[in-house]
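# Please work out how this folds:
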Amino acid sequence: MKYTRANLLTPARNFCAALSSSSPIPTLLTHFTHDPYPQAHEHGLPHLAPFLGRTFTGSDGVARYFEVMTSELGFEDMSFEPEAEWLVDTSIMAVVIRGTAKFYAKRTGQKWDEGFVYRLGIAEEVNEEVSGRGELKVQEYEVWADTGAAYLALNGRLGEVLSEEKEGGTGGAGRTRRSQDRKRSGCGEVVGSGMGAYGSCGQ
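Here you go, the predicted model:
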């Protein structure tokens, strides 16, 4: 059967609504297939956070992903771009969605505003023993997010980085204290900047 854009948007919309409203994990799982096996994967280096860089497979695995992630992070004000801007590929049954939220590390309380991307692979439920057989649901849940901010917040260092940015003023947004010091000393921030003929800063 050839599914349309509208067909694929429905399960994606339902899942995003459940997630953004902080539905309990059992409710989130109703939006995933049982067969074929579902999976969740948040891209990033595994040593930055326990929910990154691993593929959680099966209903128990997906539940475990959400358990681990929500034990470390919380969020507020999650929203998604208008559905007209959601990317839908009917040939591979996938929906790509961009969203924003304010995340916070539960251990440290440090918060940050974040943009993220979801890729939802959609499939038809074929398990005869579960409700919703024949329905389209999420099978693959992939996440690309700000893993650097999450790592810093989980370790209580995000505030330090943000304060360093503020020290540079509006013109120095995104720059660390070290980069500001280099700028004041005459050393540039790009290759070759601040270098004299046959010489360089610090030599």
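
# show me where this protein has helices.
Along the chain, counting by DSSP state H, helices occupy 5-20, 25-29, 58-72, 147-154, 158-167, 177-185.

# Poorly predicted segments of this structure, please.
131-132, 166-203 (pLDDT under 70).

# How is it divided into domains?
5-154, 156-185 (automatic domain parsing).

# residues near the residue nearest to Ala150 when sequence neighbours are not counted, how many?
Spatial nearest neighbour of Ala150, excluding adjacent residues (Cβ to Cβ, 6 or more residues apart in numbering): Ala49 at 5.7 Å. All C-beta atoms are positioned from the backbone trio N, CA, C, and that covers glycine. Using other Cβ atoms under 10 Å, Ala49 is surrounded by 21 other residues.

# Same question for the one 4 residues further on.
The burial metric for Gly53, expressed as a neighbour count using other Cβ under 10 Å, is 15.

# and what of the one 3 residues further on?
Phe56 has 22 neighbours, counted by other Cβ under 10 Å.

# Is it in contact with Tyr37, as I believe?
No - between Phe56 and Tyr37 there is no contact under Cβ atoms under 8 Å: 10.6 Å.

# In contact with Val96, which residues?
Val96 makes contact with Trp86, Leu87, Val88, Val117, Tyr118, Arg119, Leu120, according to Cβ atoms under 8 Å, 6 or more residues apart in numbering.

# between the helices of the chain, which one is nearest to Thr100?
The closest of the helices of the chain to Thr100 is helix 5-20. By Cβ to Cβ, the value is 10.6 Å.

# Tell me how far Thr10 lies from Gly134.
Distance check for Thr10 against Gly134: by Cβ to Cβ, to the nearest Å, it reads 13 Å.
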